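Enquirer: Please find the sequence and the predicted model below.
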Amino acid sequence: MSMPFYVPPEQVMKDRADFARKGIARGRSVVVVGYDRGIAFVAENPSRALHKVSEIYDRIAFAAVGRYNEFESLRVAGIRYADLRGYSYDRTDVTARALANTYAQTLGAVFTQESKPFEIEIVVAEVGLDSESDQIFRLTYDGSVADERGFVAMGGASDAAEERLSTAWRPGMGLSDVLRLAVDVLGAGDNGERRTLDAAQLEVAVLDRDRPRRSFRRIVGPLLSRLIEPRETTEVPAEALGGPGASPEAPAGGPAPGDEPESPTQP
């Protein structure tokens with residue numbers, strides 16, 4: 001009778017963690033950073049069909065790096081969770097903290113029980129009534145949760161990106177300033193070479209605390225180009241966010257054109 005092959009549990013966990021980290025590091029980075037009127041999401045993503053940043057609920061958004069099919073399944077599950085909880089209780093009962101705890105349980109179960117862990121990192125963010133009440137939760141492949149303050153970078157060279165953000169970011173920055181900072185961080189390579197990223201290579205969205213009920217808005221087109229171009233002029237007026245460059249405001253209860261479906265009955 002042959003003896004079963006034995007691997008120490010700590011070695012199994014280490015191998016799974018190394019596998020997940022390598023997969024995440026191959027992905028393009030995402031930066032989530034607070035500004036004076038909310039939270040901005042900036043991802044290097046030339047695709048206009050496969051989003052890394054999405055709306056989850058009224059004042060909650062989701063950003064991810066890694067394998068698209070894996071984090072997309074979590075995004076859809078989060079929308080269904082939020083819709084069901086908001087319908088069963090009250091819309092104010094849907095919080096980023098509760099959603100992050102749910103995601104953490106799922107990621108932890110997959111990491112310990114399945115043969116292959118998820119190769120993803122995700123951020124769940126909720127905009128509050130003021131900058132002090134904004135919440136940004138970072139979740140890693142093993143279900144660990146970190147409550148971040150101000151900014152977070154995921155994927156690629158995230159450690160170097162967060163170091164540059166910690167040096168340049170400060171509370172109360174305007175939207176144009178934080179977007180230019182995020183683009184500068186994303187364009188900085190590990191070997192000292194710098195890349196120039198234009199609006200066509202970026203996916204940008206914001207949670208704007210001043211918008212009624214639904215805070216999520218994508219920023220695209222000419223408005224995005226004006227916001228990220230280097231210049232020494234004043235901030236783009238807040239009214240411009242409703243101009244031709246931004247995606248049109250969605251009617252109450254329905255998704256904005258081009259956004260992912262919110263209803264749990266849709267795929």
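Expert: Nice, thanks for sending it over.

Enquirer: tell me which element L50 is part of?
Expert: Remark: L50 resides in no helix or strand, with elements defined by DSSP states H and E.

Enquirer: mind listing what it touches?
Expert: Going by Cβ atoms under 8 Å, 6 or more residues apart in numbering, L50 touches Y68. Any C-beta I mention is one placed from the backbone N, CA and C, and that applies to glycine too.

Enquirer: Would you mind measuring from it to A205?
Expert: 14 Å (Cβ to Cβ, to the nearest Å).

Enquirer: Please apply the same query to E55.
Expert: Remark: distance between E55 and A205 (Cβ to Cβ) = 8 Å.

Enquirer: where do the contact lists of those two overlap?
Expert: Common neighbours of E55 and A205 (Cβ under 8 Å, 6+ apart) are 61, 216.

Enquirer: Measure how buried the closest residue to S166 other than its chain neighbours is and give me the count.
Expert: If you skip the residues right next to it in sequence, S166 has F151 as its closest partner in space, 7.8 Å away by Cβ to Cβ, 6 or more residues apart in numbering. Using other Cβ atoms under 10 Å, F151 is surrounded by 23 other residues.

Enquirer: Need phi/psi at F151.
Expert: Dihedral pair for F151: phi -160, psi 160, per degrees, to the nearest 10.

Enquirer: Bridging across strands, which residues link to it?
Expert: Residues found in beta-bridge contact with F151 (criterion: DSSP bridges) are V33.

Enquirer: In contact with it, which residues?
Expert: Contacts here follow Cβ under 8 Å, 6+ apart; on that basis F151 touches 31-34, 136, 162, 165-166, 169.

Enquirer: State the distance from it to L227.
Expert: Remark: distance between F151 and L227 (Cβ to Cβ) = 17 Å.

Enquirer: same question, A64
Expert: 23 Å.

Enquirer: higher neighbour count, those two?
Expert: Comparing A64 with L227 by neighbour count (other Cβ under 10 Å), the higher total belongs to A64, at 27 against 24.

Enquirer: Surely that one is in contact with S29?
Expert: No. The pair A64 and S29 does not pass the contact test of Cβ atoms under 8 Å, sitting 11.5 Å apart.

Enquirer: Need the residues touching each of the two.
Expert: Overlap between the contact sets of A64 and S29, as judged by Cβ under 8 Å, 6+ apart, is given by M154.

Enquirer: Heading C-terminal from the host helix or strand of T102, find the next helix or strand.
Expert: Element membership for T102, per DSSP H and E: helix 96-113. Using DSSP H and E, the helix or strand that follows helix 96-113 towards the C-terminus is strand 120-126.

Enquirer: Would you map the strands across the stretch 51-200 of the chain?
Expert: Assigned strands in the stretch 51-200 of the chain, in chain order: 53-57, 60-66, 120-126, 135-139, 145-148, 151-154 (criterion: DSSP state E, counting those that start in this stretch).
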